[in-house]
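K.L.:
Just a sequence and a predicted model for now, questions to come.
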Amino acid sequence: MNRLLKTIGLLSVIGGFAAAIQGVAAHHSTTMFDHEKILTIKGKVVEMRWVNPHVSLTIDGVVADGQAPAAWIMELTSPSNLVRAGGWSRNALKAGDDVVADFNPLRDAGKRGGALRKVVLTATGQVLNANLRSSEGAAD
């Protein structure tokens with residue numbers, strides 16, 4: 001009986017780990033973004049949330065001429081990856097900054113958001129690349 005309880009306990013622990021690993025892997029999927037499309041938004045930074053596991057950037061702007069400005073939420077990688085990409089810091093973008101940003105939109109066209117690729121500060125022309133692989137390739 002004791003051996004049976006140990007076996008059941010071990011299987012429960014293994015099952016718990018398997019469920020946790022699957023949840024983590026699902027979280028890091030990027031299939032919700034359409035990587036075949038690149039859109040550009042022109043507007044003002046509303047907020048940049050410099051938090052793990054992903055930084056987010058909210059821009060109030062327009063994607064197509066004739067549209068009314070709307071808030072778009074961009075997902076980025078982790079703060080440490082952005083620092084490695086170069087130019088990024090917790091204060092790199094501030095509310096009210098005028099920006100032009102390229103991003104891969106969400107596949108669900110009813111939602112305003114996407115995966116940020118790069119953002120340009122209009123006032124200075126500074127380019128902040130959110131694509132770590134692109135930054136690494138440029139250094140090769």
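P.N.:
Sure thing, it's come through.

K.L.:
Make sure I have this right: Ile8 is in a helix.
P.N.:
Yes. When classified by DSSP: H, G, I helix; E, B strand; the rest coil, Ile8 is found to be part of a helix.

K.L.:
and it, how many neighbours?
P.N.:
10 (other CB atoms under 10 Å). All C-beta atoms are positioned from the backbone trio N, CA, C, and that covers glycine.

K.L.:
And it, what's its pLDDT?
P.N.:
As predicted, Ile8 sits at a pLDDT of 70.

K.L.:
cool, and Gly87?
P.N.:
At Gly87, the model reports a pLDDT of 88.

K.L.:
Over to the one 3 residues further on?
P.N.:
At Arg90, the predicted lDDT confidence score is 95.

K.L.:
That one is in contact with Arg49, isn't it?
P.N.:
No. Between Arg90 and Arg49 there is no contact under CB atoms under 8 Å: 9.9 Å.

K.L.:
contacting residues around the closest residue to Leu76 other than its chain neighbours?
P.N.:
Distance criterion CB to CB, 6 or more residues apart in numbering; nearest residue to Leu76, sequence neighbours excluded, is Val55 at 4.2 Å. Listed by CB atoms under 8 Å, 6 or more residues apart in numbering, the contact set of Val55 reads 48-49, 75-79, 82.

K.L.:
So which of those residues belong to helices?
P.N.:
Under the assignment DSSP state H, these contribute 79, 82 to helices.

K.L.:
Against Phe103, how distant is Val62?
P.N.:
Distance of Val62 to Phe103, computed by CB to CB, to the nearest Å: 13 Å.

K.L.:
who touches both of the two?
P.N.:
Residues within reach of Val62 and of Phe103 at once, by CB under 8 Å, 6+ apart, are Ile41.

K.L.:
Looking at these two, which is more packed in?
P.N.:
Legend: neighbour count by other CB under 10 Å for Val62 and Phe103, higher for Phe103 (26 against 16).

K.L.:
Helices of this protein, start to end?
P.N.:
Going by DSSP H, the chain shows helices at 2-27, 79-85, 132-139.

K.L.:
chain center to the second one: distance?
P.N.:
Shown here is helix 79-85, whose average C-alpha point lies 12 Å from the average C-alpha point of the whole chain (CA atoms, centre = their mean, to the nearest Å).
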